[in-house]
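Chemist: next come a sequence and a model predicted from it.
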Number of protein chains: 2
Amino acid sequence: MESNETSNSILNFENSKANFIEGYSSMLTFQPVVPIQKHSISTTSTVPLYEKLKNWNIQGIEHQNLRTEIFKVLGNKQLFYSDLDASKEQQRLNTLKQLQSLLSEIFGKDLIHISDIKDDPSKILALIDCLSQFDDSSLLTKLVVNNYLFGAAVYNLGTERHHKLLPEIECGKLLGCFAMTELGHGSNVRSLETTATYDPKTDEFIMNTPVRTATKWWIGNAAHAVVASVFARLILDGKDHEVHCFLVPLRKRNGIDLLPGVKIGDVGPKFGLNGVDNGWIQFDQVRIPSSSLLDKFGSVTNGVYSSPISNPSRRFANILAQMITGRISISFGTIRSFKTALVIATRYALKRLQFGPSTNGPEIPIMEYPTHQLEIMPMIATTYAYDAIKLYLARRFMERQDENEIHVLASGLKAVLSHYITVSILELRRMCGGHGYSSNSKLHRLLSSVDVGRTFEGDNTLLLQQVAKDLLTQFKKEYTSNKFTGTLKYLSKNTSLLLSGLNPYTTNRRDESHLLSFQFLLDSMEFRSSKLLIQSAQLVSKNYNKTKNSFIAWNQSLETLLHLARAHTETMIISRFIESINNEKDAETKKILTKLCQLYGLYRIRMDFEFYRNSNYLKKGKARAIIKLIQELCADLAQNAALLVKGFGNEESLIDSPLGLEDGDLYDNICKRVGLFSDKNYPEPILKSKL
Amino acid sequence: MESNETSNSILNFENSKANFIEGYSSMLTFQPVVPIQKHSISTTSTVPLYEKLKNWNIQGIEHQNLRTEIFKVLGNKQLFYSDLDASKEQQRLNTLKQLQSLLSEIFGKDLIHISDIKDDPSKILALIDCLSQFDDSSLLTKLVVNNYLFGAAVYNLGTERHHKLLPEIECGKLLGCFAMTELGHGSNVRSLETTATYDPKTDEFIMNTPVRTATKWWIGNAAHAVVASVFARLILDGKDHEVHCFLVPLRKRNGIDLLPGVKIGDVGPKFGLNGVDNGWIQFDQVRIPSSSLLDKFGSVTNGVYSSPISNPSRRFANILAQMITGRISISFGTIRSFKTALVIATRYALKRLQFGPSTNGPEIPIMEYPTHQLEIMPMIATTYAYDAIKLYLARRFMERQDENEIHVLASGLKAVLSHYITVSILELRRMCGGHGYSSNSKLHRLLSSVDVGRTFEGDNTLLLQQVAKDLLTQFKKEYTSNKFTGTLKYLSKNTSLLLSGLNPYTTNRRDESHLLSFQFLLDSMEFRSSKLLIQSAQLVSKNYNKTKNSFIAWNQSLETLLHLARAHTETMIISRFIESINNEKDAETKKILTKLCQLYGLYRIRMDFEFYRNSNYLKKGKARAIIKLIQELCADLAQNAALLVKGFGNEESLIDSPLGLEDGDLYDNICKRVGLFSDKNYPEPILKSKL
Ligand SMILES: Cc1cc2nc3c(=O)[nH]c(=O)nc-3n(C[C@H](O)[C@H](O)[C@H](O)COP(=O)(O)OP(=O)(O)OC[C@H]3O[C@@H](n4cnc5c(N)ncnc54)[C@H](O)[C@@H]3O)c2cc1C
Ligand SMILES: Cc1cc2nc3c(=O)[nH]c(=O)nc-3n(C[C@H](O)[C@H](O)[C@H](O)COP(=O)(O)OP(=O)(O)OC[C@H]3O[C@@H](n4cnc5c(N)ncnc54)[C@H](O)[C@@H]3O)c2cc1C
């Protein structure tokens, strides 16, 4: 792992005087966006349906070669295994080794680069999709921290002079961390307290932790990182230019010895992701060269500060917006974790028998109980809906035509997905009974890794507020022209409905052809978003008029604003799901996706009957008919449960749960896992530990 | 820990020929039920309100002396501490030592006995209430397994000859386990496969694991138990007399060496409760004396089987019903875990500042955000509601007048509480942001220990079905007489309403005096239970007429049946909460409890708007008024959040979370916990572990 090529920079580095100005700019050459790969499945009936579904759910992010190589690396069972009994320290060591191996085998071999953030984001999404299948996502998280937070900061916030570091970063030779959060500030990063004070005498910044709450906290990779991208207030001539990002060397290149003035410690064990070393970092007047400022959005030349964006709020928003790859990774990884959990719970439910028509006669699979179907089938349907929007997001991300749309969608999706998936996996645990409570089931490991997705890369409550704020801004802008475009197009359709009132015939209509039509599903969602958008605008302005304080007025409206953000995101999901089904050429695929979409749509409507009933959009008979249809769709789709989860396309060798293996007898698999065949008894230490 | 007094029985024991017939029956002397201790708080205003609330929420289960002694034992920090970095083996060893100490100090000193199951159950409830405050409830669980599953089996299912073991069991000299669940059967215990075949030649039973799925699974204490209460099919003369419970010695009295024919192993690490050793057990033709049969509900004398209950279904139901103490313990322990989580999240929310009216000005506590209040305040209100029903259950449990009522209530409560509490703690984790994700917060440890409460001691879905079944049976019985008594009293009130239809004036009424009245809250709940009960009866019979198969008919009705069971349980909760507030003498206490009850009631109604709106019980204006009142009540009660959680009466020294300490600076407490003051850096092994 030792490299000679970099010895030059090491030297500079350890003097804390690294000069980032020289470097090659080749990484920055923008390549044309790779055109979306078209759905490649054949429509002949010889391809099994699950294969078609597999292809459907990765269309545009296939990159088969990359996937194959990644799975090859993960196939090295000497290195890539999950040790449920390992100590936190051992887990971290394992993850570190796994990361090094993966980076050198995949990034080091030119299969993908950090610059694919712009060149070909679909590769990153394929990478995430594969890695999130391994173990509890500790490895994925550590990789995201290194390449898509730290590396992305260098790439997106830095300029050419910094980009020369990318090759070393991406192949694991230069491990880094992303030091934004502080003990006192997580969501409100604009109020971070770490300072980087410019010293004109030496043309350096002095990085400092002036108060304890400024201690960097939660920093992933802090135990191993050689360098950090540190967010700190840029102070120049006594003026606070607000938060910017700086590269700060932490350790000598051996990755062990801390540099002077740097203190690092562990924040301790966590609910999950214990393979990731999250630490705290303090700086005591650490000097770094002025070139360490990642200066795309603000620079200091000859002691003078300048920025292409003069408004500090907008500037900071821009800096944060660059970190979107991390957020999108969470959504993609979380969806895959959900798929894994669903594969496990579904296969278990098909193999586990409990109770039967007669006391001592044969028993039935628990999947046959309607309670089970009513819980699990909407989850499966939702996963397909998420795949549709995921692929749309991937496409828009690649096209980069409307940064704002991507931002709103990525934020809303991350919040909506991570929440639903977290609470759902908790239920899947319960639905697998005691066997689900065993760590061997993998379920709680999936739970704990998706749960944190509600907090990091933007706390969900805050992300939803950003979505709402953006919608309101857009609304205000387009309101005067009375022409709603882009994401708000649906408003035009609904204004007359909102003004003239609902049609009593429609609010009562309960025939299947109506309720199961995509039109009804889409109309319902769009109506809700429209109504909530107008309500939100009215509410915020009413509250503002009352309080004359926009902070208070906003907060007083929070419940409605969050509702709006969720509703809008769900509207985006269903409209993309419908669009993608309409575009589907294969009849068999189209048929099953249609049912999944119907179930997803009706289920979402049911989950918000409060809104739909109180806004008179649905009369009670119609609401009841929806409930009945949901029951029927669940029972119907449950017949295909095995196929539907196979259609997720999980790599079978990574399922790693005796409950979720496709092959073999359920109890054989469980017994093997606990070592019941090996005649292994309680290990000696326990037996001997009797008082 | 070695005891000489028992050497005699040890000998018999290890020969697997223990004679349980001799013994002292003194433990069986039923003492009169201890009268309920009256609410003892003074009503002078010098007692702070939180003190009054503390007293309120343990009225009837005070046992101050017992509590003091337990906290004294738990105060031994050498033994009673939580080591978050300990390996599974170390955790188990710690818990074992803690158990031994607790049993000998509390049970060994005559402060409480297993026989209090009948003599004074309120003592057990006080014990649970204290123990559930320590660490992650591993100790509590191990104690419940030993004393209230294994011990209770001996006490409730055995007869005098078995009771002589109780003194040794309860003080930890004879550790036992409760071996009911098998690899293949958890909920459907009537189909267990372990066999106990009577051998008339030797007057013994032969305990055997005939197939792999008959392996006992999940057995708590399996690593340390000397004896097990094993559920197995009693086979006599080739006839299967169904499942009975037997005492089977597993190990020599040293607690280490397994007896011949017994195999025991570990089922592995779990989501939580890793201080509890859950194992699997197999029997290979193990011979035990016929006296090992716990023979209260079925015995073999001179090779002939007899039972006081001839119907095998009823007999088995009776056997299972004896295990109710365990189920009630779960509810009590879970409520206390919820309180701990709420103390932590509330205090954190009051101390954590994030964002403020101006970008760089002072920030506000996150508790001030309505989103926070709308989530946390209904949880706090619910806890008080749970306390009310908990105390009622305790009283009824002590009075033992209506076993059926207790059974229905205990089952419904366990299912309703454990579910709500589990999903709520997951949200509290999120609401504490990153700091909530740290193991130090204690939140995920609480989550994992309450989560399993949804599975063990009766899977929730099955418990709710039992409640529904019982309600339907009662309904059928009382329907003909048209006189509904007991728990179904509410039906009489509602029959006319259900027949004649709802009053449009009432369904529209939205004035506060109406919506906040206990009458409205109670009426709404009772109406729902009544309507669902009648619907369920109709649905089951309709489905039966269609299918002529009661298993299928029942299953087809499951969604409604579960809804009924939950609704009934919630009706019981609110009616006891109201009753207890009406009986409250202290004006200040009464005032705040009233608000909590209003919030609880309206919140529950809102959570089931689907029912209330679709049954026309609430018109939309009324539904909206309820939402507004909930917002107002949350904002109002949030002013008293600190007081309300202090009123839970948690032992401060056991909170064990830097987020939830009453005293000290939040960040001081967090830093102390991660050792930031101690200049401790990443431990050497990690640093040195660089590749
Ligand atoms: C496992 C893990 C790894 C991490 N890795 C890194 C890393 O590598 N680098 C890094 O820089 N950071 C990292 N973080 C930190 C993470 O980014 C923060 O936890 C996250 O930004 C949330 O901030 P917070 O935890 O301070 O929550 P807070 O901002 O304190 O929020 C706490 C609660 O208050 C609520 N709240 C706050 N403000 C408002 C408001 N205005 N309106 C309504 N509600 C509000 C939130 O919704 C939340 O429920 C990590 C965190 C974890 C848990
Ligand atoms: C930590 C832990 C400790 C334990 N300790 C002990 C112990 O000491 N001794 C002991 O004997 N046991 C113990 N158990 C076992 C526990 O009692 C069982 O897990 C429990 O009874 C549930 O059974 P099961 O896990 O087999 O679930 P199953 O019965 O297999 O249920 C699985 C799923 O199917 C559903 N289902 C099953 N039947 C139906 C139906 N008719 N209708 C609708 N849905 C249905 C359930 O709701 C559940 O979601 C322990 C379990 C755990 C997790």
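Modeler: Cool, got the structure. Ligands and ions are numbered 1, 2, ... in the order given.

Chemist: now the helix or strand hosting residue A:537: buried residues?
Modeler: Using DSSP states H and E, residue A:537 falls within helix A:518-547. For helix A:518-547, burial by neighbour count (16 or more other C-beta atoms under 10 Å in any protein chain shown) applies to A:518, A:520-537, A:539-540, A:543-544. Quick note: C-beta positions are derived from backbone N, CA and C, even for glycine.

Chemist: and for stretch A:603-614?
Modeler: Buried residues in stretch A:603-614, counted by 16+ other C-beta under 10 Å: A:603, A:604, A:605, A:606, A:608, A:609, A:610, A:611, A:612, A:613, A:614.

Chemist: and it, what's its mean pLDDT?
Modeler: Averaging pLDDT along stretch A:603-614 gives 98.

Chemist: in chain A, which spans are strands?
Modeler: Listed in chain order, the strands of chain A (DSSP state E) span A:176-179, A:195-199, A:204-208, A:216-220, A:227-236, A:239-249, A:262-266, A:278-283, A:286-289, A:299-301, A:304-306.

Chemist: most tightly surrounded among the ones you listed?
Modeler: Of all these, strand A:176-179 has the most neighbours on average by mean count of other C-beta atoms under 10 Å in any protein chain shown, namely a mean of 29.

Chemist: contact partners for the most centrally placed residue in chain A?
Modeler: Residue closest to the average C-alpha location in chain A (C-alpha atoms, centre = their mean): residue A:330, at 1.5 Å. Contact analysis of residue A:330 by C-beta atoms under 8 Å, 6 or more residues apart in numbering or on different chains lists A:414, A:418, A:453, A:456, A:457.

Chemist: just those now: which is nearest chain B?
Modeler: The shortest approach to chain B among the contacts of residue A:330 belongs to residue A:456, at 6.9 Å (C-beta to the nearest C-beta).

Chemist: how about the residues of the stretch 151-300 of chain A near ligand 1?
Modeler: Proximity of the stretch 151-300 of chain A to ligand 1 is confined to A:178, A:179, A:180, A:181, A:186, A:187, A:218, A:219, A:220, A:270, A:273, A:278 under the rule C-beta under 6 Å from any ligand atom.

Chemist: so how far is ligand 2 from residue A:167?
Modeler: Counting by C-beta to the nearest ligand atom, to the nearest Å, the separation of residue A:167 from ligand 2 is 49 Å.

Chemist: please parse chain A into its domains.
Modeler: Domain segmentation of chain A under automatic domain parsing yields A:48-170, A:176-307, A:324-353+A:362-480+A:501-645.

Chemist: out of these, which comes closest to residue B:169?
Modeler: Across those, residue B:169 has its closest neighbour in domain A:324-353+A:362-480+A:501-645 (24.6 Å, C-beta to C-beta).

Chemist: mind checking the end-to-end distance for the closest one?
Modeler: Using C-alpha to C-alpha, to the nearest Å, the end-to-end distance of domain A:324-353+A:362-480+A:501-645 comes to 29 Å.

Chemist: residues near the residue of the stretch 101-250 of chain A found nearest ligand 2, how many?
Modeler: Taking C-beta to the nearest ligand atom, ligand 2 has its nearest neighbour within the stretch 101-250 of chain A at residue A:136, 19.7 Å off. When neighbours are defined as other C-beta atoms under 10 Å in any protein chain shown, residue A:136 has 28 of them.

Chemist: so where's the stretch 1-150 of chain A uncertain?
Modeler: Residues of the stretch 1-150 of chain A meeting the criterion pLDDT under 70: A:1-45.

Chemist: quick one: contacts of stretch A:480-497?
Modeler: The contact list for stretch A:480-497 (C-beta under 8 Å, 6+ apart) reads A:402, A:405, A:408-409, A:471, A:474-475, A:478, A:526-527, A:529-531, A:533, A:568, A:571-572.

Chemist: report the buried residues of it.
Modeler: Applying a neighbour-count criterion of 16+ other C-beta under 10 Å, one finds A:484, A:487, A:488, A:490, A:491, A:494, A:497 buried in stretch A:480-497.

Chemist: up against ligand 2, what does the stretch 551-691 of chain A have?
Modeler: So the stretch 551-691 of chain A never meets ligand 2 (C-beta under 6 Å from any ligand atom).

Chemist: sorry, back to before: contacts only, for the residue of the stretch 101-250 of chain A closest to ligand 2.
Modeler: A:82, A:272, A:273, A:274, A:275, A:442, A:445, A:446, A:448, A:449.

Chemist: which residues does the nearest residue to residue A:623 once chain neighbours are set aside contact?
Modeler: Spatially, and ignoring its direct neighbours in sequence, residue A:623 is nearest to residue B:614 (5.2 Å; C-beta to C-beta, 6 or more residues apart in numbering or on different chains). Residues in contact with residue B:614, defined by C-beta under 8 Å, 6+ apart, are A:609, A:613, A:620, A:623, A:624.

Chemist: measure the second one to chain B for me?
Modeler: Pointing back at residue A:613 there. Computed as C-beta to the nearest C-beta, to the nearest Å, the residue A:613 to chain B distance reads 4 Å.

Chemist: from memory that residue sits against residue B:621, does it?
Modeler: No - Residue A:613 is beyond contact range of residue B:621, at 12.0 Å (criterion: C-beta atoms under 8 Å).

Chemist: list the contacts for the spatially closest residue to residue A:627 that is not a sequence neighbour?
Modeler: Excluding the flanking residues, the one nearest residue A:627 by C-beta to C-beta, 6+ apart is residue A:606, at 6.5 Å. Residue A:606 makes contacts with A:623, A:626, A:627, A:630, B:610, as judged by C-beta under 8 Å, 6+ apart.

Chemist: of those residues, which ones also sit close to ligand 1?
Modeler: When contact is defined as C-beta under 6 Å from any ligand atom, the contacts of residue A:606 do not meet ligand 1 at all.

Chemist: okay, and for chain A, where does confidence drop off?
Modeler: A:1-45, A:677-691.

Chemist: to what extent is residue A:653 buried, counted in neighbours?
Modeler: With other C-beta under 10 Å as criterion, residue A:653 counts 11.

Chemist: around chain B, pick out the residues from the stretch 401-550 of chain A.
Modeler: Contact residues (C-beta under 8 Å from any C-beta of the partner chain) of the stretch 401-550 of chain A with chain B: A:422-423, A:426, A:429-430, A:433-434, A:436-440, A:443-444, A:447-448, A:451-452, A:454-456, A:459-461, A:549.

Chemist: among those, which ones are buried?
Modeler: Buried subset of these (neighbour count, 16+ other C-beta under 10 Å): A:422-423, A:426, A:429-430, A:433-434, A:436-440, A:443-444, A:447-448, A:451-452, A:454-456, A:459-461.

Chemist: show me what contacts the residue lying closest to residue A:476 once chain neighbours are set aside?
Modeler: In space, not counting the residues next to it along the chain, residue A:476 is nearest to residue A:537; the distance is 7.4 Å by C-beta to C-beta, 6+ apart. The contact partners of residue A:537, taken as C-beta under 8 Å, 6+ apart, are A:472, A:475, A:476.
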